[in-house]
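In: mind looking at a prediction? Sequence and model below.
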Number of protein chains: 2
Amino acid sequence: MAVNLKIPSESEIFPVSGVDIGVAEAGIRKAGRRDLTVFRLAEGATVAGVFTRNRFRAAPVQVCESHLAGGDAIAALVINTGNANAGTGADGLARTQATCTALAGLLKVRPTQILPFSTGVILEPLPVDRLVAGLPQAIATLAPDNWMNAAHGIMTTDTLPKISSARKTIGGHTVTFTGISKGAGMIRPNMATMLGFLATDAGIARPLLEKLTRQIADRSFNRITVDGDTSTNDSFIVIATGKSGLRVESESDPHYAELASALGDAAAELAQKIVRDAEGATKFITIRVEEAGNTDEALKVAYAVAHSPLVKTAFYASDPNLGRILAAVGYAGIDDLDVGRLRLWLDDVLVATQGGRNPDYREEDGQRVMKQAEILVRIALGRGQVADTVYTCDFSHEYVSINADYRS
Amino acid sequence: MAVNLKIPSESEIFPVSGVDIGVAEAGIRKAGRRDLTVFRLAEGATVAGVFTRNRFRAAPVQVCESHLAGGDAIAALVINTGNANAGTGADGLARTQATCTALAGLLKVRPTQILPFSTGVILEPLPVDRLVAGLPQAIATLAPDNWMNAAHGIMTTDTLPKISSARKTIGGHTVTFTGISKGAGMIRPNMATMLGFLATDAGIARPLLEKLTRQIADRSFNRITVDGDTSTNDSFIVIATGKSGLRVESESDPHYAELASALGDAAAELAQKIVRDAEGATKFITIRVEEAGNTDEALKVAYAVAHSPLVKTAFYASDPNLGRILAAVGYAGIDDLDVGRLRLWLDDVLVATQGGRNPDYREEDGQRVMKQAEILVRIALGRGQVADTVYTCDFSHEYVSINADYRS
């Protein structure tokens, strides 16, 4: 049911030198599925991350933030599905720490060199015994070419694995960018039940990597929304191993822009793939707000439209019920919005202008666009020069079915 | 499909002296349905209203606000369904004004004494010719006992008529409070696609009625939400005819409190009936936030929970997936929320405490509450003394069906 989600073939997935991946079936929630993934990083790799802003930050998020802030060299990542270890209090923290300690022992590193991630049901105790028992199997399978396995290993209600992989020549070096992500509902800005792991064999100084990770998250994972829910566990991690020979220390480096752009493209692809495979999605919707006075108001309008169940069900029905879009713009919270200056397009079809329907608009033109699997909604506010874009999907019967049945 | 929505019998509906109501089938969108309603008010009635805060305020809302601000004595209300006359620009305003002029001519009053209301599809021209042609039929049926007819006449996707009626003895006078409302989706605070008309035969000085109307709207129509959408047309009107003999001039009047309380109860009943008959609703959910530092944060939390599609689909499924409620509390926007102080109850079942699941909580207790048609979610924040309550419903397959098919 995913919308134009391209899965690269094995020959299109480039391993990242310095990253080995192992995957196991630990039976964390259900038997017989890949639910435990370990990333082992070569010495010298730098790592940065951004995490959910939900006040109920899950235990693994708290531990990740603590380990990254501590400054120890990150040596491995461990990711489980089936249980989010969120809303689990002090006991949940202890279970995550036990996971780190177990993996550190097996890899002969310190627990503070481990970053843990969990996704799945919240408010239930993490079955840490089964998780730890699965670690040797994951370690036994560590290999550079396990990206597709890992993409499967982090899936929950995702219907398809999400991988982005590219190679570029930068400064005479062949540099690889490969990443995976998972969704699939509960996605909104400031992270969601989403995990993203992006690795490059470029070398990037750690303070620079931290800043860059925040920037590319803002243009990728923080610009997608499925249902307006922000989860307790969202994490986006960028790993730079340095094995390609290319090394960038600062923004003034001549190769910085090209490297940042390649990482940004990879993150955008991983984020948009989450929307393409959102729970029940049948359409991929790009909402672009132009002529805003500032970014804040551009995003207010874009998210009001993107979150409106009435707009999303109209997209599902291929119904050009454009008044619902105008109504959402109207309640977005811009108190001095002059609706007489607003214009609204569906792709290239001018739908509304001067506070009402474009006199030349024909229903069949709107209908034609609404039937597409990918739709651009463009809204010009007539207030300034700022533009911003948000990606979302429609709202279907299947969304309700999936979320009404998730635990059963 | 409505949840415990009580429809009074004709003998339980008390006419309000000074209010005559006529209803017609004007064929505004479809033939053969009551779609045009006229209220004629006796001389001396005072009227106050609150209206949508959507920036796309429909033409009738703009005209209502203008006529009320002008201070002319309101003599009649005219309400059509089938077309909202919203997003229609200057032409829409002209059509609403033509409606007022036509009704004023028939009733021999001034156009500024008419309040117009429209609900239905937005962004399409109001068929004012058919509307005006239906006015004589509506006027011919003017009678005090037409409340049930009017409740039908203002319905759109509502499945049942919504009426509240009560009589009280106040200050030795028998005072009547009768009102109607319509939903049914696109309901959220600051009004929705909802109309509410509440009349009493108490006499209330106009400045006092205006203040009182805002206050009772805040405790009724501004405390309900179905899908987070705020429409372009929402209006709540209170009419005080004075025919009972009771007259209240100020808040210091000895009968003010009792009168305000009765009007507030009627408004709350009309508002809650909208949620009980919300599109696709199978459950009526009361979300009460306690121990908040102020009203703003109480409402932030209540609405975050009430708007979460994940929470709403869990209610639909009768699934005590309480982590979804905690997650919504966590992203409600209280940056310094201490999740360790939070407690969560489903009815009387303590579910979460100290940042995690209550150790004594048993799934079957949560399950029992979730299966009920009416559920109280109680959240204590541990921050202060303020409490507030919001009413909402679950999110079902039927909601998607209704809104994906609305125009077809």
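Out: Happy to help now that I have it.

In: and the closest residue to chain B within the stretch 101-250 of chain A, what does it touch?
Out: Nearest to chain B in the stretch 101-250 of chain A, going by Cβ to the nearest Cβ, is A:I122, at a distance of 3.0 Å. All C-beta atoms are positioned from the backbone trio N, CA, C, and that covers glycine. A:I122 makes contacts with A:56, A:58, A:84, A:86-87, A:232-233, B:323-324, B:326-327, as judged by Cβ atoms under 8 Å, 6 or more residues apart in numbering or on different chains.

In: what's the closest of those residues to B:E12?
Out: Taking Cβ to Cβ as the measure, B:E12 lies nearest B:R324 of those, at 39.7 Å.

In: just checking, the closest one touches B:F315?
Out: No - contact criterion Cβ atoms under 8 Å: B:R324 and B:F315 do not qualify, at 9.6 Å.

In: could you dump the contacts of A:I122 to CSV with neighbour count, secondary structure and distance to B:G242?
Out: Below are these laid out as CSV (neighbours: other Cβ atoms under 10 Å in any protein chain shown; DSSP: H, G, I helix; E, B strand; the rest coil; distance: Cβ to Cβ, whole Å):
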residue, neighbour count, secondary structure, distance to B:G242
A:F56, 28, coil, 54
A:A58, 34, coil, 61
A:A84, 29, coil, 61
A:A86, 32, coil, 59
A:G87, 29, coil, 56
A:T232, 31, coil, 56
A:N233, 28, coil, 61
B:G323, 28, helix, 54
B:R324, 28, helix, 50
B:L326, 27, helix, 51
B:A327, 33, helix, 52
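
In: would you mind giving the residues you listed as TSV with distance to B:N403 added?
Out: Converted to TSV, these look like this (distance: Cβ to Cβ, whole Å):
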residue	distance to B:N403
A:F56	31
A:A58	33
A:A84	31
A:A86	31
A:G87	32
A:T232	29
A:N233	31
B:G323	27
B:R324	22
B:L326	28
B:A327	25
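
In: closest one to A:E290 out of those, please.
Out: B:A327 (33.0 Å).

In: how near is the closest one to chain A?
Out: Distance of B:A327 to chain A, given as Cβ to the nearest Cβ, to the nearest Å: 5 Å.

In: leaving out sequence neighbours, find the closest residue to that residue.
Out: A:T232 (5.3 Å; Cβ to Cβ, 6 or more residues apart in numbering or on different chains).

In: does that neighbour touch A:N54 like I think?
Out: Yes - look at A:T232 against A:N54 with Cβ under 8 Å: they come within range, at 4.9 Å.

In: common neighbours of those two, please.
Out: Joint contacts of A:T232 and A:N54 (Cβ under 8 Å, 6+ apart) are B:327, B:330.

In: please identify the helix or strand for A:A306.
Out: helix A:295-307 (DSSP states H and E).

In: contacts for that helix next, please.
Out: For helix A:295-307, the external contacting residues (Cβ under 8 Å, 6+ apart) are A:188-189, A:225, A:227-228, A:285, A:287-290, A:292, A:311, A:325, A:328-329, A:331-334, A:377, A:379, A:381, A:383, A:386-390, A:392, B:228.

In: what's the neighbour count on A:T389?
Out: For A:T389, the count of nearby residues is 16 (other Cβ atoms under 10 Å in any protein chain shown).

In: ok, the one 4 residues further on next?
Out: When counting by other Cβ under 10 Å, one arrives at 29 neighbours for A:C393.

In: ok, the one 5 residues further on next?
Out: If you count neighbours by other Cβ under 10 Å, A:E398 ends up with 16.

In: for it, pull up the helix or strand it's in.
Out: Secondary structure assigned from DSSP H and E places A:E398 in helix A:397-405.

In: ok, now how distant is the closest residue in space to A:E374 that isn't next to it in sequence from A:D394?
Out: Nearest residue to A:E374, sequence neighbours excluded (Cβ to Cβ, 6+ apart): A:F284, at 4.8 Å. Between A:F284 and A:D394 the distance is 9 Å, computed by Cβ to Cβ, to the nearest Å.

In: ditto for A:D72
Out: Using Cβ to Cβ, A:D72 is found at 44 Å from A:D394.

In: the two: which is more packed in?
Out: Between A:D72 and A:D394, counted using other Cβ under 10 Å, A:D394 has the larger neighbour count: 25 against 14.

In: what sits against that one?
Out: Contacts for A:D394 (Cβ under 8 Å, 6+ apart) come out as A:281-283, A:285, A:312-313, A:315-316.

In: now with 7 Å, please.
Out: A:D394 makes contact with A:281-283, A:285, A:312, A:315-316 under the criterion Cβ atoms under 7 Å, 6 or more residues apart in numbering or on different chains.
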